[in-house]
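Student: coords please:
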Amino acid sequence: RLRRVVRGLYLNWLISPRAQLGEAAVWMRPGAMVSLQTVLGDAGVWNNFTDWVTAVVPLSRRYTTPSLGKIETAGGVFVFRGVSESILEAGREEDRLDSAASYRRATPEAALLHWLYLSNSPRSDLSAPPLDLDLDRLDRPKLKRLARAMNLGEILESFLPRVGTNDAAA
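Tutor: You can find the predicted model right below:
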């Protein structure tokens, strides 16, 4: 069966493995990368599962200004957030892109850094990541390498000590 997402875009559920809703995000917005809560939830880092697809979209002169925000479709809910292309393309490709995915999907380390970037941007209304994240599921050397490449080292270093503290339960 084909599952309609938006006009002209369908997911093929006859193939194996079955197409995932996240795959549609990259067709809905040029340059989109599934990231943030979707990736962190799937990796077990964030414990508040959502079936919404969250993605980041590059903000650059190479791309037209994307339509951002929440979009409810026949296939499901998508949330697109704009991130500077220099942040999305920083660092080693194997550090920022999930090589096991058949579409543009961030690694959990990159997804956390995208969230920290957005929560510290004056142009974004996204709040900081919760403090009850399971950071043991992340590759710390990869996280720190990527943070340096994205110029988010100081932001990451101020965030990490707070995760898992008593403030996380509040």
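Student: name the element residue 78 belongs to?
Tutor: strand 77-84 (DSSP states H and E).
Student: Ok, residue 101 next?
Tutor: Residue 101 is part of no helix or strand, with elements assigned from DSSP H and E.
Student: Report how many residues lie close to the spatially closest residue to residue 102 that is not a sequence neighbour.
Tutor: Closest residue in space to residue 102, ignoring its immediate chain neighbours: residue 23 at 7.1 Å, by Cβ to Cβ, 6 or more residues apart in numbering. (Glycine included, C-beta is placed from N, CA and C.) Residue 23: 19 surrounding residues under other Cβ atoms under 10 Å.
Student: circling back to that earlier point, helices or strands next to the strand holding residue 78 in the packing?
Tutor: Contact here means 3 or more Cβ pairs under 8 Å, 6 or more residues apart in numbering; DSSP states H and E; on that basis strand 77-84 packs against helix 22-28, strand 53-59, strand 69-72, helix 108-119.
Student: Quick one: distance of that strand to the chain centre.
Tutor: 8 Å (Cα atoms, centre = their mean, to the nearest Å).
Student: Note down every partner strand of it and its orientation.
Tutor: Partners of strand 77-84 in the sheet, by DSSP bridges, are strand 53-59 (parallel), strand 69-72 (antiparallel).
Student: Show me what the mean pLDDT comes to for the longest one.
Tutor: The predicted model gives strand 53-59 an average pLDDT of 95.
Student: Then stretch 143-159?
Tutor: For stretch 143-159, mean pLDDT is 97.
Student: what's the pLDDT at residue 15?
Tutor: pLDDT at residue 15 comes out at 77.
Student: any idea where the helices of this protein begin and end?
Tutor: For the chain, the helices defined by DSSP state H cover 22-28, 36-42, 85-88, 93-96, 108-119, 140-149, 153-159.
Student: Can you work out which other helices and strands pack against the third one?
Tutor: Contacts of helix 85-88 with other secondary structure elements, assessed using 3+ Cβ pairs under 8 Å, 6+ apart, are made with strand 53-59, helix 108-119.
Student: Distance to residue 158 and mean neighbour count for those - can I get that in CSV?
Tutor: Formatted as CSV, the helices and strands packed on helix 85-88 follow (distance: least, Cβ to Cβ, whole Å; neighbours: other Cβ atoms under 10 Å):
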stretch, distance to residue 158, mean neighbour count
strand 53-59, 22, 25
helix 108-119, 10, 25
